[in-house]
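Visitor: let me see the structure of the following:
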Amino acid sequence: MDNIDRHILKILQENSNISLSNLSSQIGISKTPCWNRIQRMEENGIISKRATILNRHAIGLPIVVFLSISVGQHNPEWFAKFNKVVNGLPEIVEAHRLTGSGADYLLKIVSPTIESYDIFQQSLIAKIEFTSMSTSVSLQEIKYQTALPLNIIEPNIP
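Guide: Numbers count the residues shown, from 1 in each chain. Here you go, the predicted model:
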């Protein structure tokens, strides 16, 4: 990945609907090499997909909850079940396995209301085994971005 690729990625992160003609002119290369670079980055998994970012408030999902989960067992069977449950629940928009904290997993969950979240949490409790669970409700989103910081990547490292 070179500086031209990074420039393409920067622009695509800002506007994935940009026309190839407009993108190539902003980059300073013709359309065919620009398209080839995009295709190569897709094939190499650098571009995993293109998405439309929704305003969660406008669609009725104003509540963001971070659920910390600690577990007693760390075996492959438990994780396979946990993974299946987490990936089957659309309310969970992010899931992370952690180190260095009191929790083993952190889930980011969106909900229309606190009451809806409570119902969701009760159903989650019935589906997975854990030793403790802690909920933190986000009061204000201070920063949210989907664009990754390309300027901190070392040159020529994919």
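Visitor: give the contact list for residue 143.
Guide: Shown in contact with residue 143 (CB atoms under 8 Å, 6 or more residues apart in numbering): no residues. In short, each C-beta sits where N, CA and C put it, glycine included.
Visitor: measure it to residue 24 for me?
Guide: Counting by CB to CB, to the nearest Å, the gap from residue 143 to residue 24 is 31 Å.
Visitor: equivalent analysis for residue 80, please.
Guide: From residue 80 to residue 24 the distance is 45 Å (CB to CB).
Visitor: the two: which is more packed in?
Guide: residue 24 (20 against 10; other CB atoms under 10 Å).
Visitor: do you know the pLDDT at the more buried one?
Guide: Model confidence at residue 24, given as pLDDT, is 96.
Visitor: shouldn't it be in contact with residue 34?
Guide: Yes: here residue 24 lies in contact with residue 34, judged by CB atoms under 8 Å, at a distance of 3.9 Å.
Visitor: so where do the strands sit in this structure?
Guide: According to DSSP state E, the chain carries its strands in the segments 63-70, 92-97, 105-111, 132-137.
Visitor: reformat these as JSON lines; add mean neighbour count.
Guide: Shown next, in JSON lines, are the strands of the chain (neighbours: other CB atoms under 10 Å):
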{"stretch": "strand 63-70", "mean neighbour count": "18"}
{"stretch": "strand 92-97", "mean neighbour count": "14"}
{"stretch": "strand 105-111", "mean neighbour count": "20"}
{"stretch": "strand 132-137", "mean neighbour count": "13"}
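Visitor: and those as a markdown table, adding mean pLDDT and distance to residue 3?
Guide: Listed next are the strands of the chain as a markdown table, based on pLDDT from 0 to 100; distance: least, CB to CB, whole Å:
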| stretch | mean pLDDT | distance to residue 3 |
| --- | --- | --- |
| strand 63-70 | 97 | 36 |
| strand 92-97 | 97 | 30 |
| strand 105-111 | 98 | 33 |
| strand 132-137 | 96 | 40 |
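Visitor: now the ones you listed in JSON lines, with distance to residue 153?
Guide: Shown next, in JSON lines, are those (distance: least, CB to CB, whole Å):
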{"stretch": "strand 63-70", "distance to residue 153": "28"}
{"stretch": "strand 92-97", "distance to residue 153": "21"}
{"stretch": "strand 105-111", "distance to residue 153": "25"}
{"stretch": "strand 132-137", "distance to residue 153": "31"}
